[in-house]
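**Q** Let me see the structure of the following:
(2 chains)
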Amino acid sequence: MSLRPRVKLPETIKPGEIIEIKTLISHIMETGQRKDKDGASIPRRIINAFRATFEGREVFRAELHPGTSANPYIVFTMKVERSGELALTWTEDGDTITVEKVSLKVVA
Amino acid sequence: MGDTRVIAAICRRDVLIGAGAAAAVLGLAKVAGAADPSKATPQSPLEQALDKILGDAKPQPGKITVELPEIAENGNTVPYAIAIDSPMTEADHIKAVHVLASANPLPNVASFHFTPLSGRAYVSSRMRLAKTQEVVILAELSTAKFIVARRSVKVTIGGCGG
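**A** Numbering: from 1, shown residues only, chains lettered A, B, ... in the order given. Presented below is the predicted three-dimensional model:
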């Protein structure tokens, strides 16, 4: 299953501005609590972690549990002092990793 | 601990004799040296989850801005936003926010970790709620203190896949 992350950033960023970063990734977030029609448990499969780093420094991190809805949508903030690359990483059960890199361009 | 086992055996019989004995069972359990009385009753999943986050810390009521619907039509996806006023400096910032759904079979929803680079202690996401219940939000300060907020949400159609 291919995971398609989507990231939304403000169009312009001023130095020192605190911006909102909206992220969404398509994923069923199977809780492990459900049963199939034969009564067998459907194994858990969720995105269990999300991490945002800017030039190697952690900005924000989340541990997700089955109580998080399918297609996890996470909005967080970042104080941007200078232009650079923001790396977003989603980790699925079984340690499959999806990485999305976005460049932040600061315009004075 | 041999004595404890004898008492426990008696207690089990007492339980069968009548409901009145139940109180005696609890009493004896304490006398028998259960170090922590809270251990005498099994913890709810919420209590276990809270203990795991808090350790020995005692959360204080604090100012947490929570955007959460009072009535959620669909428990599969209940939007929420959490914000806490903080200077977000190295010395004084919100380290983490933990979201728990008290009556979900698995109460943990998510834990969010902030850094001074976050700029603000703000997060927005979506949670599953199995039924009408209280949502517990714990914020962990850089001083290792915790503050807590609770919000009730009425759920029309439950989430978590029944």
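**Q** For the chain, which segments count as strands?
**A** In the absence of a named chain, chain A is used. Along chain A, counting by DSSP state E, strands occupy A:5-8, A:17-25, A:47-54, A:57-64, A:73-80, A:84-92, A:96-104.
**Q** that answer is for a different chain, and I need it for chain B
**A** Using DSSP E, strands in chain B cover B:60-61, B:65-67, B:71-74, B:78-84, B:94-101, B:108-114, B:121-127, B:133-141, B:146-157.
**Q** Which residues of chain A lie near chain B?
**A** Chain A comes close to chain B at residues A:18, A:20, A:31, A:33-34, A:54, A:57-70, A:72-79, as judged by C-beta under 8 Å from any C-beta of the partner chain. C-beta: built from backbone N, CA, C; applies to glycine.
**Q** Drop anything exposed from these.
**A** For the residues of chain A next to chain B, a burial check counting by 16 or more other C-beta atoms under 10 Å in any protein chain shown picks out A:31, A:33, A:54, A:59-70, A:72-79.
**Q** quick revisit: let me have the strands of chain A in TSV, extended by mean pLDDT and distance to residue B:81.
**A** Output for the strands of chain A, formatted as TSV (pLDDT from 0 to 100; distance: least, C-beta to C-beta, whole Å):
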stretch	mean pLDDT	distance to residue B:81
strand A:5-8	97	16
strand A:17-25	98	11
strand A:47-54	98	16
strand A:57-64	98	14
strand A:73-80	98	8
strand A:84-92	97	19
strand A:96-104	96	22
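**Q** Which pLDDT value goes with residue A:4?
**A** Per-residue confidence at residue A:4 stands at 85 (pLDDT).
**Q** could you measure it against residue A:98, distance?
**A** Using C-beta to C-beta, to the nearest Å, residue A:4 is found at 9 Å from residue A:98.
**Q** can you list residues touching both of these two?
**A** Contact criterion C-beta atoms under 8 Å, 6 or more residues apart in numbering or on different chains; residues shared by residue A:4 and residue A:98: residue A:25.
**Q** Show me which of the two is the more surrounded one.
**A** Neighbours per residue (other C-beta atoms under 10 Å in any protein chain shown) separate residue A:4 from residue A:98, with residue A:98 holding more: 17 against 12.
**Q** doesn't residue A:6 make contact with the more buried one?
**A** No: here residue A:98 lies out of contact with residue A:6, judged by C-beta atoms under 8 Å, at a distance of 11.5 Å.
**Q** Need the residues touching each of those two.
**A** Common neighbours of residue A:98 and residue A:6 (C-beta under 8 Å, 6+ apart) are residue A:25.
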